[in-house]
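In: Following is a predicted model, sequence given first.
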Amino acid sequence: MKKSILLALIVAFLSFAANAQTHKVVIQLNTSDTLVWHGALKNISNLQTALGSSTQIELVAHGSGISILVDGKSTQKAKIAELAASGVLFKACENTIRERKIDRATILPQAGTVPSGVAEVVLKQEAGWAYLKY
């Protein structure tokens with residue numbers, strides 16, 4: 001009897017563990033609209049609240065959106081620092097950095113880079129990440 005109960009508990013635990021889902025969201029940002037930046041970062045906070053702190057979130061900025069990650073141009077430095085401290089990844093497109101002749105030293109310290117912003121988004125989607133575009 002004890003073995004049956006123990007076995008049932010183990011099966012229930014393994015079933016729960018298999019169904020526990022880690023959410024993964026990639027966010028493409030390609031606009032210079034600072035109101036959109038604010039909204040996107042607010043939605044990231046809302047995602048973390050709704051889906052839990054284990055949610056993996058990566059914001060990829062390219063084209064007109066690159067300025068969100070450039071010191072002296074970003075209106076969201078404090079919020080980016082806060083979100084980065086909670087595990088959100090911020091990535092700047094190296095193609096955009098090069099094409100717009102942005103000094104890499106001006107990219108916010110919380111941000112990394114990817115060779116191609118659009119390719120990063122595609123790779124994340126192919127790996128099963130949910131996709132949001134701003």
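Out: Ah, there it is.

In: what comes into contact with stretch 99-109?
Out: Stretch 99-109 is touched from outside by 66, 69-72, 74, 77, 80-81, 90, 92, 96-97, 113, with contacts defined as CB atoms under 8 Å, 6 or more residues apart in numbering. Where you see a C-beta, it was placed from the backbone N, CA and C, and this is true even at glycine.

In: how does it look with 10 Å?
Out: The list of residues contacting stretch 99-109 from outside it, by CB atoms under 10 Å, 6 or more residues apart in numbering, reads 61-64, 66-74, 76-77, 80-81, 84, 90, 92-94, 96-98, 113.

In: Can you flag the buried ones in those?
Out: When burial is judged by neighbour count using 16 or more other CB atoms under 10 Å, the buried members of the contacts of stretch 99-109 are 61-63, 66-70, 74, 76-77, 80, 84, 90, 92-94, 96-97, 113.

In: mind listing the helices for the chain?
Out: Shown for the chain, the helices assigned by DSSP state H span residues 2-19, 34-51, 77-85, 94-99, 117-126.

In: Using CSV, lay out the ones you listed together with mean pLDDT and distance to Val25.
Out: Listed next are those as CSV, based on pLDDT from 0 to 100; distance: least, CB to CB, whole Å:
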stretch, mean pLDDT, distance to Val25
helix 2-19, 46, 19
helix 34-51, 98, 6
helix 77-85, 98, 12
helix 94-99, 98, 21
helix 117-126, 98, 9
